[in-house]
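> Sequence first, predicted model second:
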Amino acid sequence: MSEVFGHKYELFIGEPSRLIEMHNAPTPYDDVIPASIKAPNLNKSLLTGGYIDYLTIDPTFRRITNPIQMIAKVKYKEPKSGSSPQTSVIKLFNISDTTLESIVTDALVMLNAGYEQDGDDLPTVFVGTVDTVDTQTEGANQVTTITCTEGGNAIKSIRYVNSHPAGRTYNFILLQMIKKFKDNGIPLGAFIESDRTIQSPKEQTVFSGKLAKSLTDLCDSLDYVWFICKGSLYVQPKDLHRPTEILKIDSSNVIGKITPSKDKAGVPSASADVGPTGVKFRTFLNGEVGLQSYINIEEGDFAGDYKVKTLTFDLNWHDGPWVVDFTTEGIKNYG
């Protein structure tokens with residue numbers, strides 16, 4: 001039973017149109033919420049005027065939690081070029097008609113998950129918008145399946161129309177695009193500068209189209225990558241490892257064994273496939289980890305530092321599992 005293992009989750013569902021409306025209207029809190037008016041749970045705001053970003057929950061949101069049975073699979077994959085939207089599938093069992101009516105296409109979804117000992121401050125596992133909702137009868141249960149995309153509304157609909165004269169640095173242009181995401185509810189998680197981004201285009205640059213496509217094209221030209229993870233935007237070099245956070249993996253939290261993520265038996269030593277060994281493993285749920293995380297394995301045959309390539313949160317509140325599956329790439333040196 002879940003109560004034995006202490007599984008705990010909160011699923012918030014709200015109306016995103018108010019977020020966009022409030023975020024684009026001038027308020028005293030566009031940049032920073034003063035500490036004096038923050039709620040104890042930083043996902044929640046005591047502001048009565050609306051939202052700050054996709055990570056802000058206010059009382060108009062519907063809250064779903066245990067003992068309603070929930071099964072979720074949240075998949076994060078490091079993008080190769082630009083951003084590949086991250087997805088999740090969430091199943092809820094026997095919810096009320098009123099709750100079901102609140103789960104509509106493009107509604108904002110935040111899933112927090114952890115353990116009873118976390119109290120009211122559960123880590124955020126996924127933030128996104130609803131793509132589809134489907135309810136079916138399975139035996140004695142009514143099962144509602146929600147498919148979601150990270151940053152869905154902003155990726156699908158926000159446009160970026162701008163021109164920048166020669167002499168503007170790539171840093172400046174990237175920060176303008178980052179601000180456009182922020183103005184539409186997706187705050188910056190991290191932007192890592194490099195020697196490439198302090199350079200300037202020799203000619204005027206013009207953008208007219210979807211914001212996501214414009215950022216992808218610019219990142220590709222700089223050998224950069226961007227992604228949205230847990231409601232925040234990250235822009236960074238593909239090849240320059242500068243971790244903003246490192247998660248230490250204790251062997252006691254690993255389920256089973258740590259194994260190589262790619263079998264290199266028979267691969268010539270000169271092959272491009274030969275490089276720092278990656279590993280794959282499963283741990284009990286740690287909701288703090290994301291695509292932006294770097295991993296440190298403290299001991300054993302695979303001790304060392306690793307970059308996250310894929311993450312899968314596999315969550316079943318009532319019956320288990322309550323775990324995270326990792327695949328990683330070895331890191332020898334940081335930039």
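Cool, got the structure.
> For stretch 94-101, give me every contacting residue.
Arg62, Ile64, Ile68, Gln69, Leu92, Val133, Thr135, Asn141, Gln142, Thr144 (Cβ atoms under 8 Å, 6 or more residues apart in numbering). Using the backbone N, CA and C atoms, a C-beta is placed for each residue, glycine as well.
> for this protein, longest strand please?
If you go by DSSP state E, the chain has its longest strand at strand 124-138.
> May I see the buried residues of the next helix-or-strand element following that one?
Using DSSP states H and E, the helix or strand that follows strand 124-138 in sequence is strand 141-149. Neighbour-count burial for strand 141-149, with 16 or more other Cβ atoms under 10 Å as criterion, is recorded at Val143, Thr144, Ile146, Cys148, Thr149.
> Which of the helices and strands in this structure ranks last by mean pLDDT?
helix 16-23 (a mean of 46; mean pLDDT, DSSP states H and E).
> circling back to that earlier point, could you dump the buried residues of strand 141-149 to JSON lines with distance to Tyr115 and pLDDT?
Below are these laid out as JSON lines (distance: Cβ to Cβ, whole Å; pLDDT from 0 to 100):
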{"residue": "Val143", "distance to Tyr115": "25", "pLDDT": "98"}
{"residue": "Thr144", "distance to Tyr115": "25", "pLDDT": "98"}
{"residue": "Ile146", "distance to Tyr115": "23", "pLDDT": "98"}
{"residue": "Cys148", "distance to Tyr115": "23", "pLDDT": "94"}
{"residue": "Thr149", "distance to Tyr115": "27", "pLDDT": "90"}
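> Out of the residues you listed, which is nearest to Gln292?
Nearest to Gln292 among the buried residues of strand 141-149, counting by Cβ to Cβ, is Thr149 at 18.4 Å.
> Wait, the closest one touches Val127, no?
No: counting by Cβ atoms under 8 Å, Thr149 does not reach Val127; the two are 10.5 Å apart.
> mind checking how far Tyr115 is from Ile103?
Here Tyr115 is placed at a distance of 26 Å from Ile103 (Cβ to Cβ, to the nearest Å).
> Those two: which is more packed in?
Ile103 (20 against 17; other Cβ atoms under 10 Å).
> List the contacts of the more buried one.
Contacts of Ile103 by Cβ under 8 Å, 6+ apart are Ile13, Val130, Val133, Thr144, Ile146.
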